[in-house]
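Asks: what follows is a predicted structure for the sequence shown.
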Amino acid sequence: MKTGIWWIRRDLRLTDNQALAEALRQASTVIPVFILDPKLWSSDFVGPARLAFLLDGLRTLDASLRERGSRLIVRQGDPLEVLTFLCQETQAEDIFAEEDYSPYARQRDGKIALTLPLQLVPGVTTFPPQMLTKAKGEPYTVFTPFSRMWRSLPALGLPLPAPEHMPAIPELKSLEIPTQPQHPTASPFKAGEQEAQKRLSNFANSSIFDYAGTRNRMDLDGTSQLSPYLRLGMLSARQAVWASREASEAAETPKDREGAETWLNELIWREFYATILYYFPSVRGTAFKADLRDIPWRNDSAELAAWKAGQTGYPVVDAAMRQLNATGWMHNRARMITASFLTKDLLIDWREGEQFFMQQLLDGDPASNNGGWQWTAGTGTDAAPYFRVFNPILQGRKFDPEGNYVRLWVPELAKVPTKFIHAPWEMPLEVQKQVGCVVGQRYPSPIVDHAVARKRVLLAFRGLAW
DNA sequence: TGAAATGTTGGGGCG
DNA sequence: ACGCCCCAACATTTC
């Protein structure tokens, strides 16, 4: 009669949970434990939105466990201390957890494994980073060959079903899951595994087939919006990959198939960045490209504040930042546009953007977020070249053609004619008055002139890059 | 998963 | 009819 601890970190689910399955295989009593680690959940990289999403997720998980005869034990503190105490308290002989590859997690788990019986099981990614290398164990640093290798790997195992029953657990103290003050705007993301599964099957049965054509349209719901669930493991990477495979097989037209394959490609980007962070943990603080470590950032604090608040005077940028602040999520195309604007137009260090996104995003993941920021800044692996500067006006016209995305998130521009929606300062003054939006009063004038800013950033990068 | 600058081509207006 | 110019449309180069 062995007792084991199922230590839950970013795997808030009962389906396809390899750590839970391993615990149930080896132990007759399995105690589900979540530890609120202040180093993670009270840090500068987490804001109230993701914390609230986590706490809601814990509540949902606890409810699912109770339906199966168990419950969730929540404790707070340093994981090593908490687990040491718990092992003594419960006589647990093993701790089972899903391996997390972020630098902090690896250091934490390494230390714990020195004194406690910690068994790590894969699951954050479909394949562990050690499998995702070149023949000689060298990591890939370019996406395309990485994805080719990824697609050539042996078939993934099938996702595991949730256990029908969980063993009862002994009387144990558990922290009452704190209630976060309500997030300012009702977040469209309901926490929990059930919601994630519902969204996944909806997506994989219909809009995945239009994904290739609509995924960049900020005014449409063309993306899966599953990232928050993947972030906390309310959905496993393997479940997502299987859904894309099944959709690809069910595809009736080349277009449908392309949609499913394009979405799978995005999942492979996630694995790529997880692997990059595993092999190059220094990217969390430093440019991957050594020759781009001395960019003369301007770091103007007023401009940074305007960017954060969605008050730059560029409608697409402002819509995106306000969407982020209100919902904890931002459309992927908008992430690229806002990141390009911060790093290129404002010449503000990508680390400022990385940190703000980590604070605000429900899906804020150290690997993907860092990868995305370094990609845009041009400092990362397989990154966009430094001279690739997004034009926020053209991007708006292309990917929000009617301006509906702007109108939704920047209501003061709601009545601006489509012709001017992405460059409202070009409206004749009479029109500005007519639509109740005088630029410089109700809505800010652009804080930089894009054409001027573009020349400035090219000058700043020149000489640094090759 | 860019955009601007520069180059080329060809149709049409016009003397 | 012919040559010249203009410029839109597209292609290529450059950042």
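Replies: It's in.
Asks: tell me how many other residues surround the residue in the stretch 151-300 of chain A positioned nearest to DNA strand B.
Replies: Proximity of the stretch 151-300 of chain A to DNA strand B (CB to the nearest atom of the strand) peaks at residue A:269, 5.2 Å away. Backbone N, C-alpha and C define where each C-beta goes, glycine included. When neighbours are defined as other CB atoms under 10 Å, residue A:269 has 17 of them.
Asks: and if you look at the one 5 residues further on?
Replies: Counted with other CB under 10 Å, residues neighbouring residue A:274 total 25.
Asks: for chain A, which residues are neighbours of DNA strand B?
Replies: Residues of chain A lying close to DNA strand B (CB under 7 Å from any atom of the strand) are A:143, A:266, A:269, A:332-333, A:336, A:384, A:387-391, A:394-395, A:398, A:450-451, A:454.
Asks: just the buried residues of those residues.
Replies: A:143, A:266, A:269, A:333, A:336, A:384, A:389, A:390, A:391, A:395, A:450, A:454 (16 or more other CB atoms under 10 Å).
Asks: pLDDT added to these, as a markdown table?
Replies: Output for these, formatted as a markdown table (pLDDT from 0 to 100):
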| residue | pLDDT |
| --- | --- |
| A:143 | 96 |
| A:266 | 98 |
| A:269 | 98 |
| A:333 | 98 |
| A:336 | 98 |
| A:384 | 90 |
| A:389 | 97 |
| A:390 | 98 |
| A:391 | 97 |
| A:395 | 97 |
| A:450 | 97 |
| A:454 | 97 |
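Asks: ok, back up a step: spit out the contact partners of the residue of the stretch 151-300 of chain A closest to DNA strand B.
Replies: By CB atoms under 8 Å, 6 or more residues apart in numbering, the contact set of residue A:269 is A:143, A:368, A:371.
Asks: could you single out the nearest of the buried ones among the residues of chain A next to DNA strand B to DNA strand C?
Replies: Nearest member of those to DNA strand C, counting by CB to the nearest atom of the strand, is residue A:389, at 7.3 Å.
Asks: surely that closest one and residue A:456 touch.
Replies: No. With contact defined as CB atoms under 8 Å, residue A:389 does not reach residue A:456; the gap is 10.3 Å.
Asks: what's the residue of the stretch 151-300 of chain A closest to DNA strand B sitting at in phi/psi?
Replies: Torsion angles at residue A:269 (phi, psi; degrees, to the nearest 10) stand at phi -60, psi -40.
Asks: how far away is it from residue A:229?
Replies: Separation of residue A:269 from residue A:229 (CB to CB, to the nearest Å) stands at 17 Å.
Asks: same thing with residue A:164?
Replies: Residue A:164 is 23 Å from residue A:229, by CB to CB.
Asks: which one of these two is surrounded by more residues?
Replies: More crowded of residue A:164 and residue A:229, by other CB under 10 Å: residue A:229, with 30 against 8.
Asks: so that one is in contact with residue A:198, correct?
Replies: No. In this structure, residue A:229 is not within contact of residue A:198 by CB under 8 Å, at 10.3 Å.
Asks: setting aside sequence neighbours, what's the nearest residue to residue A:383?
Replies: Nearest non-adjacent residue to residue A:383, counting by CB to CB, 6 or more residues apart in numbering: residue A:375, 4.7 Å away.
Asks: what lies in contact with the host helix or strand of that neighbour?
Replies: Using DSSP states H and E, residue A:375 sits within helix A:366-377. Helix A:366-377 has contacts (CB under 8 Å, 6+ apart) with A:45, A:101-104, A:269-270, A:272-274, A:276-277, A:283-284, A:287-288, A:292, A:335-336, A:339-340, A:343, A:350-351, A:353-354, A:357-358, A:361, A:380-384.
Asks: if we go to 7 Å?
Replies: Residues outside helix A:366-377 that contact it (CB atoms under 7 Å, 6 or more residues apart in numbering) are A:102, A:270, A:273-274, A:276-277, A:283-284, A:287-288, A:335-336, A:339-340, A:343, A:350, A:353-354, A:357-358, A:380, A:383-384.
Asks: which residue is nearest the middle of chain A?
Replies: residue A:363 (3.2 Å; CA atoms, centre = their mean).
Asks: host element of that residue?
Replies: Short version, using DSSP H and E: residue A:363 is in no helix or strand.
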